[in-house]
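Participant: Fold the following, please.
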Amino acid sequence: MITNEDVIVLLGRLAGGEWSAVEVTTAFYKRAVVAHQLVNCLTEIFVERALARAAELDNALKKTGKVVGPLHGLPISLKDQLCIKGLETTVGYASWIGKYAERNAVLVDILEACGAVPFVRSNVPQTLMWPETFNNIFGRTTNPYNRSATCGGSSGGEGALIALKGSPLGVGSDIGGSVRIPAALCGLYGLRPSYGRVPYGGALNSLEGQDSVLSVLGPMTSSISGLKTFMEAVIKAKPWLRDPLAVRKKWDEDEYLLKDRDNGRKLCFAIMWDDDVCIPHPPVIRALELVQAALTKVGHNVITWYPMEHKKLSNVTRNIWSSGSTEDFMVTTSEAGEPIISTMIPDGNQAAVAPFRPRKGGITAYQLWQVQKEEEIFASSTWNTGTTQHQGQERDGR
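Facilitator: Residues are numbered from 1 along each chain as shown. The predicted structure follows:
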């Protein structure tokens, strides 16, 4: 019963004392263990620590009659990037086994201050830069609806875990789809926030130092209200006081409610049916048509979003990522002599190298500057072109 409820219901019953934090944490950790047996989604299970934290929260509520924070008693799962003091964080690299964190990532501290109960961490692909989830330490995570299929990546462990209701709310990361892909493949809601909205300080990553196209942390859950609850709690905790790169912008409920857009009564949405690179499969097109019909039915305006050199944009982005990624991966794996995974094909055929993997050798600093310059020129030109091409319509969603 407990694990079938969404975040809002759980928080309400925890705050009202109907369910204790120990009961809720116990229910989810048991279901998480079952989920792991089915799809191999976890890397760390720290139940004793979580139950001790939950008991502290129950005692605080009993003594004061007040919740510890907006996420009081809520179990939260974390992608194996977010450091927790005293635990290993491998990011799928064998060479990082045995390296224990000396302190929490900033987001972990904030979540605990908000009353949350971190209780498990979830699987990732080696290097993180994959849309699937497999590494040489923990193996492969599979799709909760079809174990012969992928759960997506790189936050695939989170996607599979939450879909099997082993966690009510999880944290993933996203640079090129790593929250959005597993959310789509596992039937969840996921959010890739703007850079710096959720603090990244103290988390581990690949391609550290590359700051043209940045990774972000974001929530994954089974409801839109769960996304809002997470973002509101984190932002109201003023993360910029703990992480200098976090954006200093307070939570604005009026903005969320679209007060400046007539409370969201009539919005303009743009749908891109085809990016001139990859044609969506029929089920995806059908889903977009259902969304278009639903939006139109309640009075919103839906326009077509025309692709603007998406192939070029993809190449620029890939060139930035590839500029030093081969060396980054080699330096990290060399400590343990671990081979760099070049394919996610289950039979291990390393000859079938994924086309988006980095080219060997990388590029020079000057060449990288030229790619970054191209990125700036492209952004400026497409912004102006887009305004003309889409008839100057201000869009509220895409």
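Participant: I'd like to know how many residues surround K66.
Facilitator: Neighbour count for K66, taken as other Cβ atoms under 10 Å: 10. No exception for glycine: its C-beta is placed from N, CA and C like everyone else's.
Participant: where along the stretch 101-250 of the chain do the helices fall?
Facilitator: Assigned by DSSP state H, counting those that start in this stretch, the stretch 101-250 of the chain shows helices spanning 106-113, 156-163, 180-186, 224-236.
Participant: Pull the distance from the helix or strand bottoming out on mean pLDDT in the chain to the chain's centre.
Facilitator: Between all helices and strands in the chain, the lowest mean by mean pLDDT, DSSP states H and E belongs to helix 365-389, at a mean of 80. The chain centroid and the centroid of helix 365-389 are separated by 26 Å under Cα atoms, centre = their mean, to the nearest Å.
Participant: CA atoms of stretch 67-85 as CSV?
Facilitator: Provided in CSV are the C-alpha atoms of stretch 67-85 (Å, rounded to 0.1, in the frame of the first residue of the first chain):
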residue,chain,number,x,y,z
VAL,A,67,8.2,18.0,10.5
VAL,A,68,12.0,18.4,10.1
GLY,A,69,11.6,19.8,6.6
PRO,A,70,9.5,19.7,3.4
LEU,A,71,10.7,16.2,2.5
HIS,A,72,10.3,14.8,6.1
GLY,A,73,10.6,11.0,6.1
LEU,A,74,10.6,10.6,2.3
PRO,A,75,13.0,7.9,1.1
ILE,A,76,15.1,9.1,-1.9
SER,A,77,17.3,7.1,-4.2
LEU,A,78,20.5,8.6,-5.7
LYS,A,79,22.4,7.9,-8.9
ASP,A,80,25.9,6.5,-8.2
GLN,A,81,27.5,9.9,-8.8
LEU,A,82,26.2,11.6,-5.6
CYS,A,83,28.8,11.1,-2.9
ILE,A,84,27.7,10.0,0.5
LYS,A,85,30.2,10.2,3.4
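Participant: now that stretch: mean pLDDT?
Facilitator: Here stretch 67-85 scores 98 as its mean pLDDT.
Participant: list the buried ones in the least confident helix or strand of the chain?
Facilitator: For helix 365-389, burial by neighbour count (16 or more other Cβ atoms under 10 Å) applies to 368, 371-372, 375, 382.
Participant: and these as CSV, adding distance to K30?
Facilitator: What follows is those, written out as CSV (distance: Cβ to Cβ, whole Å):
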residue, distance to K30
L368, 49
V371, 49
Q372, 49
E375, 48
T382, 50
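Participant: before we move on, the earlier item: ok, which of the helices of the stretch 101-250 of the chain comes nearest P144?
Facilitator: Proximity to P144 (Cβ to Cβ) singles out helix 156-163 among the helices of the stretch 101-250 of the chain, at 4.3 Å.
Participant: Tell me who's in contact with the residue sitting nearest the centre point of the chain.
Facilitator: The residue lying closest to the centre of the chain (Cα atoms, centre = their mean) is G172, at 3.0 Å. Residues in contact with G172 (Cβ atoms under 8 Å, 6 or more residues apart in numbering) are 79, 154-155, 158-159, 178-179, 182, 190, 217-220.
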